[in-house]
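Engineer: Fold the following for me, if possible:
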Amino acid sequence: MTETISPQKLAHVVLRTAQFDKMLDFYKIFLGARVAFSNGELGLLRYDDEHHRIAIAGIPGTTKKEPTSAGLWHVAFTFNSLQELLTAYTQRKAHGILPAWCINHGPTTSMYYFDPDGNQIETQIDNLEPEEADIYMQSHSYQENPIGVKFDPEEVIGMLEQGVDAEVIKKRIDIGPKDFRDIPKEIIPYS
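Structural biologist: Numbers count the residues shown, from 1 in each chain. Just a heads-up that it's a prediction; the model follows:
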């Protein structure tokens, strides 16, 4: 069987909504993005070298999201450093946007948010280089706990202010076995 050629990159994500203005404003703030185009029912947001990374589509007849249905779970955005991740957290907090869950997965340190429609968004930093992450994900520690260890961003900010090295903070500790049942129900609804 022949391999399929991989794409160069993930270009954009389109979100269908019944709350066009609210969603467009949320993502402008959340991503520090600018509106590249909007006609009141389609909004294209740009924050980097792509002409748009997020599109908001206000489609008539759109209904509320069913949290337990199958589909896309979340979209993740990567920052360059722990300091950048925490600066973005502080800036969002000033707008009343707080994470629902903060977790050090090992390969990443992540914060999970919800947009006005209930779509989940992860902001993260890579704690390991890709090859190191491959090795780590095969370790006993990760096999036992692929979920991670919760953290408080305010405590991490305090640690950085006290001069604790970011590499020390990013290293995940072992806390024993964890699985999907250990994720808060607001993050992964299940019955």
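
Engineer: Only C-alpha atoms from now on, for both contacts and neighbour counts.
Structural biologist: OK.

Engineer: and stretch 37-55, which residues are buried?
Structural biologist: Neighbour-count burial for stretch 37-55 flags 41-47, 52-55 (criterion: 16 or more other C-alpha atoms under 10 Å).

Engineer: Relative to the whole chain's centre, how far out is that stretch?
Structural biologist: 19 Å (C-alpha atoms, centre = their mean, to the nearest Å).

Engineer: Endpoint to endpoint, it covers what distance?
Structural biologist: 9 Å (C-alpha to C-alpha, to the nearest Å).

Engineer: in the chain, which spans are strands?
Structural biologist: Secondary structure of the chain (DSSP state E): strands located at 13-17, 34-38, 42-46, 54-58, 74-78, 101-104, 108-114, 120-126, 149-150.

Engineer: Could you dump those strands into CSV with mean pLDDT added?
Structural biologist: Shown next, in CSV, are the strands of the chain (pLDDT from 0 to 100):
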stretch, mean pLDDT
strand 13-17, 97
strand 34-38, 98
strand 42-46, 98
strand 54-58, 98
strand 74-78, 96
strand 101-104, 98
strand 108-114, 98
strand 120-126, 98
strand 149-150, 97
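
Engineer: Report the two of the buried residues of stretch 37-55 separated the most.
Structural biologist: Using C-alpha to C-alpha, the buried residues of stretch 37-55 span at most 19.9 Å, a distance reached by Glu41 and Tyr47.

Engineer: Now render the strands of the chain as JSON lines, adding distance to Pro177.
Structural biologist: Converted to JSON lines, the strands of the chain look like this (distance: least, C-alpha to C-alpha, whole Å):
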{"stretch": "strand 13-17", "distance to Pro177": "34"}
{"stretch": "strand 34-38", "distance to Pro177": "42"}
{"stretch": "strand 42-46", "distance to Pro177": "40"}
{"stretch": "strand 54-58", "distance to Pro177": "36"}
{"stretch": "strand 74-78", "distance to Pro177": "24"}
{"stretch": "strand 101-104", "distance to Pro177": "14"}
{"stretch": "strand 108-114", "distance to Pro177": "18"}
{"stretch": "strand 120-126", "distance to Pro177": "22"}
{"stretch": "strand 149-150", "distance to Pro177": "11"}
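
Engineer: who's the residue nearest the centre of the chain bridged to?
Structural biologist: With distances taken as C-alpha atoms, centre = their mean, the residue of the chain nearest its centroid is Glu122 (0.8 Å). Beta-bridge pairing of Glu122 under DSSP bridges involves Ala76, Tyr112.

Engineer: any weak-confidence spans in the chain?
Structural biologist: Applying pLDDT under 70 to the chain flags residues 191.
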